[in-house]
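Q: quick check, what structure comes out for this input:
(one chain, ligands or ions: 2)
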Amino acid sequence: KIPPLYVITPTYRRPEQIPELIRMSHTLMLVENVHWLVIEDAKVPTKEVTKFLNRTGLRFQHLTAPMPAKYKQKKGVKPRGVSNRNRGLKWIRANATEGVFYFADDDNTYDLDLFTQIRRTKKVSMFPVGLCTKFGLSSPVVKDGKFSGFYDGWVAGRRFPVDMAGFAVSVKFLLQRPNATMPYRAGFEEDGFLRSLAPFEPREIELLGDNCTRILAWHTQTKKNEPSAALDMKLYRSTNLV
Ligand code: UDP
Ligand code: MN
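A: Ligands and ions are numbered 1, 2, ... in the order given. Modelled structure (predicted):
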């Protein structure tokens, strides 16, 4: 049997949550032996999410991991999805022995080829992500079939200037690195996590997407709905519509 593919998805309560998860579940329904780790930034699981997951027929784990209060109260850019992803890593350490994992935000768009290609990952693989930063694309640069640098609109001193959707990691490789973790540092989550996988050098990156000539994931963003609709899902809840 084909080794499992763990998809770690941070999510949080908002009116767009269920539609985002519906779209994502439809993608994952087309993927073989996938195990979906849905981790809510919440103290308790959201009833609607529980109901929804149960009717997808997918193999899933529904976990919660609230953003620590000190970050939640902070003004400005917050480290979104970090507690969730670290909870996912903790679950993998406790339950997985083989296969590959991938951080997949609930609002992105995934090419089905992504899921076949990342299964090959021995250590860490990378590939182009579309609709990223001001350059419109984030990707490793490949010269003569070899890694030669990064293309990203926001480098900011990062050793690995990549998007969250732009890499996958082998479970065995993670298990050999008990201290690997994602930092609560907005903008530096990917770099911090990839650095924590040391020893690991950029030249070891496995280049996917036909030597990074094809976009395998798209950093799409759903526009925020009107404030009236954003009443914390009270309408949907009270009417039992979801
Ligand atoms: N997220 C979360 N808590 C929050 C905000 C976001 O768990 O307070 C999740 C969200 O569902 C998504 C990921 O973290 O899966 C990244 O958030 P977002 O899509 O808002 O970030 P962006 O695409 O703007 O970088
Ligand atoms: Mn997003």
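Q: neighbours of the residue in the chain that ligand 1 sits nearest to, how many?
A: At 2.7 Å from ligand 1, residue 81 is the closest residue in the chain, using C-beta to the nearest ligand atom. To be clear about C-beta, it is placed using only N, CA and C from the backbone, and glycine gets the same treatment. By other C-beta atoms under 10 Å, the residues close to residue 81 number 24.
Q: settle this for me: it is touching residue 10, isn't it.
A: Yes. Counting by C-beta atoms under 8 Å, residue 81 does reach residue 10; the two are 3.3 Å apart.
Q: anything in contact with each of the two?
A: Common contacts of residue 81 and residue 10 (C-beta atoms under 8 Å, 6 or more residues apart in numbering): 41, 105.
Q: and the helix or strand of the chain with the lowest mean pLDDT, which residues are buried?
A: Within the chain, no helix or strand scores below helix 234-239, which has a mean of 73 by mean pLDDT, DSSP states H and E. For helix 234-239, the neighbour count (16 or more other C-beta atoms under 10 Å) marks residue 236 as buried.
Q: off-centre distance for the longest helix seen in the chain?
A: Looking across the chain with DSSP state H, the single longest helix is helix 82-95. From the chain centre to the centre of helix 82-95 is a distance of 12 Å (C-alpha atoms, centre = their mean, to the nearest Å).
Q: going on from it, what's the next piece of helix or strand?
A: Going down the chain from helix 82-95, the next helix or strand is strand 100-103, by DSSP states H and E.
Q: alright, calling it a day.
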